[in-house]
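Visitor: quick one: sequence plus predicted model below, questions after.
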Amino acid sequence: MSSLEGAYSVVVVTGENELIAFRDPCGFRPLCYGKGSGFEVFSSESVALDAVGVDLVGDVKPGEMIVVDASDGRPLTTWGTAQLDWQPERLGLGSGSR
């Protein structure tokens with residue numbers, strides 16, 4: 001994420017049954033996540049999780065990326081800024097992609 005600038009919270013659904021959520025390294029934009037019965041939810045406000053009856057797990061930390069694999073029920077996988085190997089190609093953001 002070091003090549004991205006600005007304030008952002010992003011949630012992406014991939015074609016590989018993954019849900020990827022990440023937040024800017026400074027943590028300017030909020031992003032929290034919750035867990036329901038067999039599913040995960042991301043939101044900019046925890047009150048939205050309450051509205052749909054989902055338990056708050058916590059905040060996505062500044063610079064953190066969380067990957068949820070829906071195809072095999074794997075638990076959440078997280079990367080902090082120190083461990084993150086940012087691969088924009090994985091999200092279709094590499095050079096030459098549209």
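Guide: Arrived safely, thanks for sending. Just so we're clear, the structure is a prediction, and the values are computed from it rather than from any experiment.

Visitor: report the contact partners of the residue nearest to Val54 when sequence neighbours are not counted.
Guide: In this structure, Val54 finds its nearest non-sequential neighbour in Gly34, 3.9 Å apart by Cβ to Cβ, 6 or more residues apart in numbering. For every residue, glycine as well, the C-beta is placed using N, CA and C. Applying Cβ atoms under 8 Å, 6 or more residues apart in numbering to Gly34 gives the contacts 40-41, 43, 46, 49, 54-57.

Visitor: can we see that at 6 Å?
Guide: With contact taken as Cβ atoms under 6 Å, 6 or more residues apart in numbering, Gly34 is in contact with 41, 49, 54-57.

Visitor: filter the residues you listed to the buried ones?
Guide: Buried subset of the contacts of Gly34 (neighbour count, 16 or more other Cβ atoms under 10 Å): 41, 49, 54, 57.

Visitor: if we can go back for a sec, tabulate the contacts of Gly34 (JSON lines), appending secondary structure, pLDDT and distance to Val11.
Guide: JSON lines is the format used below for the contacts of Gly34 (DSSP: H, G, I helix; E, B strand; the rest coil; pLDDT from 0 to 100; distance: Cβ to Cβ, whole Å):
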{"residue": "Val41", "secondary structure": "strand", "pLDDT": "89", "distance to Val11": "10"}
{"residue": "Leu49", "secondary structure": "helix", "pLDDT": "93", "distance to Val11": "14"}
{"residue": "Val54", "secondary structure": "coil", "pLDDT": "92", "distance to Val11": "15"}
{"residue": "Asp55", "secondary structure": "strand", "pLDDT": "93", "distance to Val11": "18"}
{"residue": "Leu56", "secondary structure": "strand", "pLDDT": "94", "distance to Val11": "16"}
{"residue": "Val57", "secondary structure": "strand", "pLDDT": "91", "distance to Val11": "15"}
